[in-house]
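Asker: turn this into a structure:
(one chain, ligands or ions: 1)
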Amino acid sequence: MEDCAGTFQPDSSKCSGCPTRSTCPRSQSRNAVASTQSKEEVVYDVVIIGAGCIGGAVARELSKYSLKILLLESADDVSQGATKGNSGIVHAGYDDKPGSLHAKFCWPGNQMFPQLDKELRFGYQLNGSLVLATNKEELKILDELKERGRKNGVKRLRIVEKDELFKMEPALNPDAIAALHSPDAGNVIPYEYAIALCENAVDNGVELRIRREVTDINKKDELFEVDVRHWEPNSYANARENMGKSADGSEPVGGGGSLLFKAGVAVSSLTVIAKGIIMALDENINDDIRLQSAVATVFVGIVTAYLLLKPSSGSKKRKPTVLKDLVDKCSGPVGSGENGKVEVTDMFTGGSGSWNAVRGVTVGRESVKSRYVINCAGSSSDKIAKMIGDDSFYIKPRLGDYLLLNRNQGHLTSHTIFPCPDPVLGKGVLVQTTLWGNLILGPTARDMHNESARDMSQATVQEYILSKCKKLIPYFDPKETIHAFCGARSKSSRGDWIIEPSSKDGNFIHVAGIDSPGLAGSPAIALDVVRMLKETGCDMPRNKVSKLMTNYCSVYQINHMIHLSHTVSFAVIQSQQSTHHHS
Ligand SMILES: Cc1cc2nc3c(=O)[nH]c(=O)nc-3n(C[C@H](O)[C@H](O)[C@H](O)COP(=O)(O)OP(=O)(O)OC[C@H]3O[C@@H](n4cnc5c(N)ncnc54)[C@H](O)[C@@H]3O)c2cc1C
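Answerer: Numbers count the residues shown, from 1 in each chain. Model (predicted):
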C-alpha cells in the first residue's frame, strides 16, 4: 500500500501498483495486520470491545497512531446499541453537574463536531436549543441552568424573552414566557455519525469484526486473551448448508470423500488399463484373448472417464431461487420483536427491538491476544468488567421511547425544544426536527429496575410522549406517526461516566456507563483514552499516512442507507417517501 496512489478502484486490475491490491478495498490498509498474518498469530496492541459511537470514536482516534487495533462488535453491524436509539443531540453541556465527567467532556466534544463533520461528512445540523419556561418557578430554573453552563465553560448562553422567542419559533405553546437559548447545540443522525467514525477507522487500518461477542477475558504472559463467539444469522447457516458447506466454512464430509474416491478410481483404473494395453500388444498371447483385452481396456477407459468427469453431488447445479420465494421467506416486519410485537424486553438488545441484530447460530470461536483492552460495551460494560474480576460498578438500563413523525411535520420547529429539566428524570421529553426533516418526539425515561415503568403498555407510553410534547409544540398531528423506537441508556451505579484504567489491571481501560450526553462527548472522550494509553507507557508512533477525511463518494447518504439497520432504514425510507402510517 505504500505505493498506492490512494484512490481505491473497484476493479482491482485498475488499481495502482500496490503489492496487496488483491486484498483491496481500502479497508485492508497498511496496519490491518490480519491481512498479512493468520488470525491466530496476531498480537494486537489494542482490542476495543463495542462499536457504538464511543468504540467508534476511540477506534478512529487511535487509528491516527501506528497500532494494531481490533474492534469487536457483538451485533450484526456497528451502532446497534444505544447509539442507534437516541435523540442525536450534540448537547452544549449546560445542564451537567459541574465537576462530573459528563460536564468535563460534553462542551469540548460539542465544539469538535463542526470540524468532525467537515472530515467525515456524516451530516451535522447546528440548529441551537431552547429550554422553555412557562411560569416564574421555571424562570428560576433557567437562571440556574445558565449559571451551571457558565461553570462548565459553555459559551454564548442567554435567556430570550417572549417576543423574541416567538419570532424564533412561532409554533411554540403560547404559555411559554422565556427560554434558555444555546446556539451551539446541534444534532446528527446518530447512527450515521457512528458509521462514519468506524468507516474512517477501518480506512486507517483498524480491523473490524462484527457478530463477535466477547465471552471471556484472561491474562497470560502479559497479554490479554479475549475469547470471542462468532455467530451468523440462521439464514446464512441454511444457505451454506444448501451449498453443501457447513456453517463454519468447512467442506462437508461428502465433498472431501468424493475427491478421495475419484483419486482411487483414477489410480486403479490406470493400472488395469496399462495391464490391458500390455496384454493386447503381446504377440505371444492368443488373438482371441488379445481382442478381449482390447475391448475390456476400452470399456474400463470409458467408465473411468465417466466417473472422473461426472459432477459430484455437491457441485450439482441448483435451480435459481425465484425472487418472490425469497421475499416470502424473509423475516417478519422490520422492527418487530421476538413475539411479533416490540416488547420492553426486546429493547435490551440495545435499542433496535429486532433480535435479528443480535441472534443467530454460533459458527466459530476465536481467541484474540492483545496488550490493551478498551471496554466500550455500553449496557454490557459491567459484564465485560466482571470478566477481569472488576465489579466496581454495574449498569442500570433506563429506557427512552420515541415517536417519529412524517416529514410534513418537520416545519414546526427549527430549534431543539426542551421543557425545564426534571431533577430525577433528566432533560425531559423534547421535540426536534431531524436532519432528514422528520419531527421526533421523546424520549421517556423508564428505569428497568422499576416494575411499573418497565411494564408500561405501548399505549400509555405513546400517550405520555404525546401529552408532554403538546406542552412544547401543540400543533403537530399524531396521526403522522410513522415509527416508534427506543434505546436503553447505560446509567452506571456510580452516577457518572466511568473513564479510567481498571483497578484490576492498568492496561484495561473502561469507557463505560456512557449515558447522555455521551454522543456529544464522544470525540473528547476518545482524546482522553489516547492520553490514558500514552500514560500507561504504550508505544504509539504517529500513523503518518492516516486519512482524516472520509472516502465517501458524493452520494454518501445513499451509501449510509445500505448500512442502516432495518428498523432505522424502514423509518427513513418511509419518511422519504412521505407515506402515511396512521398510529
Ligand atoms: C433514549 C436515549 C437518548 C439519548 N440522547 C442523547 C442525545 O441526544 N445526545 C447525546 O449526546 N447522547 C444521548 N444519549 C446517550 C448516547 O446515546 C450514548 O451515550 C452513546 O450512544 C453511548 O455509546 P456507547 O458506544 O457507549 O454504547 P452503545 O451504542 O450501546 O455501544 C456499545 C456496543 O457494545 C456492543 N457490545 C456489548 N456487549 C458486547 C460484547 N460482549 N462483545 C462485543 N460487543 C459488545 C453492543 O452491541 C453495542 O454495539 C441518549 C441515549 C438514549 C438511550
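Asker: residue 402 reaches residue 481, doesn't it?
Answerer: No: checked against Cβ atoms under 8 Å, the pair residue 402 and residue 481 is beyond contact range at 10.1 Å. Just so you know, the C-beta spots here come from the backbone N, C-alpha and C atoms, and that holds for glycine as well.
Asker: below-threshold pLDDT in the chain: ranges please.
Answerer: Residues of the chain meeting the criterion pLDDT under 70: 1-40, 245-266, 268, 276, 307-355, 550-583.
Asker: disregarding residues adjacent in the polypeptide, which is nearest to residue 158?
Answerer: Distance criterion Cβ to Cβ, 6 or more residues apart in numbering; nearest residue to residue 158, sequence neighbours excluded, is residue 181 at 5.5 Å.
Asker: what's across from the one you found in the sheet?
Answerer: Beta bridges link residue 181 to residue 130, residue 158, judged by DSSP bridges.
Asker: return the nearest residue of the stretch 151-300 of the chain with respect to the ligand.
Answerer: Ranked by Cβ to the nearest ligand atom, the top residue of the stretch 151-300 of the chain for proximity to the ligand is residue 214, at 3.7 Å.
Asker: so what's that residue up against?
Answerer: If you count contacts by Cβ atoms under 8 Å, 6 or more residues apart in numbering, residue 214 has them with 49, 72, 74, 226-228, 377, 384, 387.
Asker: residues contacting the most centrally placed residue in the chain?
Answerer: By Cα atoms, centre = their mean, the chain has its centre lying nearest to residue 78, at 1.1 Å. Applying Cβ under 8 Å, 6+ apart to residue 78 gives the contacts 51-52, 56, 194-195, 198, 208, 210, 563.
Asker: of those residues, which are in range of the ligand?
Answerer: Among the contacts of residue 78, the residues lying close to the ligand (Cβ under 6 Å from any ligand atom) are 51-52.
Asker: tell me the one of the contacts of residue 78 nearest residue 447?
Answerer: residue 52 (20.7 Å; Cβ to Cβ).
Asker: which strand or helix spans the nearest residue to the closest one once chain neighbours are set aside?
Answerer: Of all residues not flanking residue 52 in the chain, residue 83 sits nearest, at 3.9 Å (Cβ to Cβ, 6+ apart). Under the assignment given by DSSP states H and E, residue 83 is not contained in any helix or strand.
Asker: which of the contacts of residue 214 count as buried?
Answerer: 49, 72, 74, 226, 228, 377, 384, 387 (16 or more other Cβ atoms under 10 Å).
Asker: would you say residue 464 is within a helix?
Answerer: Yes: under DSSP: H, G, I helix; E, B strand; the rest coil, residue 464 sits within a helix.
Asker: what count of nearby residues applies to residue 65?
Answerer: Residues near residue 65, counting by other Cβ atoms under 10 Å, number 22.
Asker: hmm, back to that, how far away is the residue nearest to residue 52 from residue 415?
Answerer: 23 Å (Cβ to Cβ, to the nearest Å).
Asker: neighbour count: the two, which is higher?
Answerer: The neighbour comparison of residue 83 against residue 415 (other Cβ under 10 Å) goes to residue 83, with 30 against 21.
Asker: my read: the more buried one touches residue 192, true?
Answerer: No: counting by Cβ under 8 Å, residue 83 stays clear of residue 192, with 10.4 Å between them.
Asker: joint contacts of those two?
Answerer: By Cβ under 8 Å, 6+ apart, no residue touches both residue 83 and residue 192.
Asker: all strands for the stretch 451-583 of the chain, in order.
Answerer: Ranges of strands within the stretch 451-583 of the chain are 481-492, 498-501, 508-512, based on DSSP state E, counting those that start in this stretch.
Asker: the stretch 101-250 of the chain too?
Answerer: Along the stretch 101-250 of the chain, counting by DSSP E, counting those that start in this stretch, strands occupy 124-125, 129-133, 158-161, 178-182, 186-188, 207-209, 212-220, 223-232.
Asker: with just CA atoms, put the longest one into CSV.
Answerer: Meaning strand 223-232. What follows is strand 223-232, C-alpha atoms only, in CSV (Å, rounded to 0.1, in the frame of the first residue of the first chain):
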residue,chain,number,x,y,z
LEU,A,223,-1.2,-10.4,27.2
PHE,A,224,-5.0,-10.4,27.4
GLU,A,225,-6.6,-13.4,25.8
VAL,A,226,-10.1,-12.3,24.6
ASP,A,227,-12.5,-15.2,23.9
VAL,A,228,-14.9,-14.4,21.2
ARG,A,229,-18.1,-16.2,19.9
HIS,A,230,-18.7,-15.7,16.2
TRP,A,231,-22.3,-16.0,15.1
GLU,A,232,-24.1,-15.7,11.8
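Asker: direction included, what does that strand pair up with?
Answerer: Looking at strand 223-232 with DSSP bridges, its partner strands are strand 212-220 (antiparallel), strand 361-375 (antiparallel).
Asker: looking at the contacts of residue 78, which is nearest residue 238?
Answerer: Lowest distance from residue 238 to the contacts of residue 78 (Cβ to Cβ) belongs to residue 210, with 19.6 Å.
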